[in-house]
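> only geometry, no sequence info:
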């Protein structure tokens, strides 16, 4: 397999793009080598500029749940394009998509569309502060909530350590109201509650996707919901990644909880830049023009993006592929563990709905500290061998893989062949 054109574009891109990319994970820094440049995609496949074709398990990091260029979605987008690209005014499509989203989430009366997951989180945190009158936010290490200043925080060497900026350019004042807890550790949250009486919200990915796929224990997630209610603190579920991926609605419903504010993105835009935050009326009525919490966006509710979202969710509801996803995820987990056992490679596989990934580690992974102990060198070898055998994966041990409803039995056969070759290569590492 040759990557000559990708290498040429990478070199050319370095001149006017930062690192030749527009998002750091695309740089392949954690797996080595140069990034691949993609030319086109259809269904479950994606093709790079060198003509190499792959089974796509990145799927634009989640949005392409139906596969690429689904005919009903393409038709809806084409129809919307003929009417105009952007109006800076309200359209009927916004109302339609809002109805679909709110109906899918119990406890969500109103939603506000924005343009990204980061913007949804930023707005949800501002809303929580406006509603409660408090400033502090509890977040969990390993949960990613976009690149806003207050969420780019490192916990330090221990849970009691003061929050420190996790990026240059983030002033210490920007994170002084952000408290770090450990995912799946309720005591770490209780400690913050005992020390601070001005907490506005706790924010988490109900099932994580940015330290790999990690599910909460029932004790943790139900204890967290009980704790927040008892202390008058809002619970924000960041379902930008999990929304509509495990059921038609959110992961929180499957987990048996209900968030006060939910953040969404990815699938609800069908591949276009869409984010959203929603809650019950008493909370959302704080948002302008009904209330004093200001948030706006010229391109929010863009008619093309709304058309893509409506058609994607409508088709998703029609297909109802969630049982199929569970079976495919089980098959993939079996393929991974069988090949690993065959070649004496230590892995553990985590999954939830249509999200899955292996960790190159012996022990079960339940939080970010455990995830960081994984063998990233082995993952890098595994990644490139999978690429060479026609499977496109996220270039990071700590990113979820995604499934789409366009995956075929032939794709899974080819995936199994690729995994066998990749695990054999990993086993040769001394």
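Here it is on my side, so go on. What you see is a predicted model, and the numbers here were worked out from it, not measured in a lab. Numbers count the residues shown, from 1 in each chain.
> where along the stretch 151-300 of the chain do the helices fall?
If you assign secondary structure with DSSP state H, counting those that start in this stretch, the helices in the stretch 151-300 of the chain sit at 186-195, 218-230, 251-255, 281-284.
> quick check: which of those helices is buried the most?
Counting by mean count of other Cβ atoms under 10 Å, helix 251-255 has the highest mean neighbour count of these, with a mean of 21. C-beta: built from backbone N, CA, C; applies to glycine.
> picking that back up, wait, which of the helices of the stretch 151-300 of the chain is closest to residue 411?
Distances from residue 411 to each of the helices of the stretch 151-300 of the chain were compared using Cβ to Cβ; the minimum, 25.0 Å, belongs to helix 251-255.
> before we move on, back to that, would you reformat the helices of the stretch 151-300 of the chain as TSV and include distance to residue 29 and mean pLDDT?
Formatted as TSV, these follow (distance: least, Cβ to Cβ, whole Å; pLDDT from 0 to 100):
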stretch	distance to residue 29	mean pLDDT
helix 186-195	30	96
helix 218-230	32	98
helix 251-255	29	96
helix 281-284	39	98
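> out of those, which is closest to residue 37?
The stretch from the helices of the stretch 151-300 of the chain with the least distance to residue 37 (Cβ to Cβ) is helix 251-255; that distance is 32.9 Å.
> what sits up against the closest one?
Judged by Cβ atoms under 8 Å, 6 or more residues apart in numbering, the contacts made with helix 251-255 from elsewhere in the structure are 105-106, 206-207, 216, 218, 221, 237, 239, 242-243, 245-247, 258-259, 262, 352-353.
> which of those residues are buried?
Judged by neighbour count, with 16 or more other Cβ atoms under 10 Å as the criterion, the buried members of the contacts of helix 251-255 are 105, 206-207, 216, 221, 237, 239, 242-243, 245-247, 258-259, 262, 352-353.
> residue 30 touches residue 376, doesn't it?
Yes - the pair residue 30 / residue 376 is scored as a contact, 6.4 Å apart, by Cβ atoms under 8 Å.
> got the buried residues for the host helix or strand of residue 414?
Remark: residue 414 resides in helix 409-427, with elements defined by DSSP states H and E. Of all the residues in helix 409-427, those buried under the rule 16+ other Cβ under 10 Å are 411, 414, 415, 416, 418, 419, 420, 421, 422, 423, 425, 426.
> would you turn the residues you listed into TSV with distance to residue 279 and pLDDT?
Output for the buried residues of helix 409-427, formatted as TSV (distance: Cβ to Cβ, whole Å; pLDDT from 0 to 100):
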residue	distance to residue 279	pLDDT
411	39	98
414	43	98
415	40	98
416	44	98
418	43	98
419	42	98
420	47	98
421	48	98
422	43	98
423	45	98
425	48	97
426	45	97
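> what do residue 30 and residue 376 both touch?
residue 397.
> show me what counts as buried in stretch 287-301.
Along stretch 287-301, the positions that meet the burial threshold by neighbour count (16+ other Cβ under 10 Å) are 287, 293, 295, 300, 301.
> how about those, which pair is most distant?
Among these, the pair separated by the greatest distance (Cβ to Cβ) is 293 and 301, which sit 17.9 Å apart.
> can you name the residues in contact with stretch 74-82?
By Cβ under 8 Å, 6+ apart, stretch 74-82 touches 93, 303, 304, 306, 307, 308, 310, 311.
> now the residue nearest to residue 306 when sequence neighbours are not counted: which helix or strand?
Leaving aside its chain neighbours, residue 306 sits nearest to residue 93 (3.7 Å; criterion: Cβ to Cβ, 6 or more residues apart in numbering). According to DSSP H and E, residue 93 maps onto helix 92-104.
> how many residues are close by the residue nearest to residue 200 when sequence neighbours are not counted?
The spatial neighbour of residue 200 that comes closest, neighbours along the chain excluded (Cβ to Cβ, 6+ apart), is residue 134 at 4.0 Å. For residue 134, the tally of surrounding residues (other Cβ atoms under 10 Å) stands at 18.
> let's verify residue 134: helix, strand, or coil?
Put simply, residue 134 is coil when judged by DSSP: H, G, I helix; E, B strand; the rest coil.
> list the residues that contact residue 398.
When contacts are taken as Cβ under 8 Å, 6+ apart, residue 398 is in contact with 210, 211, 212, 371.
> again, only using 6 Å
Shown in contact with residue 398 (Cβ atoms under 6 Å, 6 or more residues apart in numbering): 211, 212.
> which element is it on?
Taking DSSP H and E as the definition, residue 398 sits outside all helices and strands.
> confidence score at it?
With respect to pLDDT, residue 398 scores 92.
> for residue 374, see how far away it is.
From residue 398 across to residue 374, the span is 8 Å (Cβ to Cβ, to the nearest Å).
> dump the residue contacts of the closest residue to residue 111 other than its chain neighbours.
Distance criterion Cβ to Cβ, 6+ apart; nearest residue to residue 111, sequence neighbours excluded, is residue 278 at 3.5 Å. Counting by Cβ under 6 Å, 6+ apart, residue 278 touches 108, 111, 262.
> and the gap between residue 278 and residue 142?
Taking Cβ to Cβ as the measure, residue 278 and residue 142 are separated by 25 Å.
> same question, residue 104
When distance is defined by Cβ to Cβ, residue 104 is 27 Å away from residue 142.
> who's more crowded, the two?
More neighbours sit around residue 142 than around the other of residue 104 and residue 142, counting by other Cβ under 10 Å; the figures are 24 against 19.
> would you map the strands across the stretch 251-400 of the chain?
For the stretch 251-400 of the chain, the strands identified by DSSP state E, counting those that start in this stretch occupy 261-264, 275-279, 348-352, 355-359, 391-392, in order along the chain.
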